[in-house]
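J.: the following comprises the amino acid sequence and a computationally predicted model.
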Amino acid sequence: MLPLIWTLFALCAVAGFIVIAAYWLDVQDRPDLTLRSRIAWSAGTFLFPLTIPAYALVGGAGWPLALRIGAFVPAAAILLFLGFAFGIFR
C-alpha cells in the first residue's frame, strides 16, 4: 500500500505546484479585480490550502469543474505529507 500512497503523494505534490502557479497567474490576469484585491489574493498563496479552494469556489474565478476539483490538490499533498511525517502510512 505504501508505494501506491507514495506515488499519489508525488503526483499531488507536482500537480500542487502547477495549481499554485495557475492560481497566481489567474489572479494577476483578472481585470475585474482592483489592485488591492489582486495583492490580497496574491498574498493568499502563503495560505494556499485555504485560499486556492476559496478562490475557486467563492472568489468569482469562474473556473470549470475540473479546476475547482484541482484546487484541492495542494491541500491533499500536504495531508499526505503529514501522514508520512507522523507515521500514519507505513
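T.: Arrived safely, thanks for sending.

J.: excluding its backbone neighbours, what's nearest residue 88?
T.: Spatial nearest neighbour of residue 88, chain neighbours left out: residue 82 (7.9 Å); criterion: C-beta to C-beta, 6 or more residues apart in numbering. (Each C-beta comes from the backbone N, C-alpha and C, glycine too.)

J.: OK, contacts around residue 20?
T.: Counting by C-beta atoms under 8 Å, 6 or more residues apart in numbering, residue 20 touches 45, 48, 52, 74.

J.: go on, residue 14?
T.: Per C-beta under 8 Å, 6+ apart, neighbours of residue 14: none.

J.: beyond the helix or strand it falls within, next helix or strand please.
T.: According to DSSP states H and E, residue 14 maps onto helix 2-29. As assigned by DSSP H and E, the chain's next helix or strand after helix 2-29 is helix 35-43.

J.: quick one: list the elements packing against that next one.
T.: Counting contacts by 3 or more C-beta pairs under 8 Å, 6 or more residues apart in numbering; DSSP states H and E, helix 35-43 is packed against helix 2-29.

J.: any idea how far the helix it packs on is from the chain center?
T.: Distance, stretch centre to chain centre, for helix 2-29: 7 Å (C-alpha atoms, centre = their mean, to the nearest Å).

J.: what angle separates it from helix 35-43?
T.: With axes from the mean of the first three to the mean of the last three C-alpha atoms, to 10 degrees as the basis, helix 2-29 and helix 35-43 are set at 170 degrees to each other.

J.: for residue 59, give its distance to residue 22.
T.: 14 Å (C-beta to C-beta, to the nearest Å).

J.: out of the contacts of residue 20, who's nearest residue 8?
T.: For the contacts of residue 20, the residue nearest residue 8 by C-beta to C-beta is residue 74; the value is 13.7 Å.
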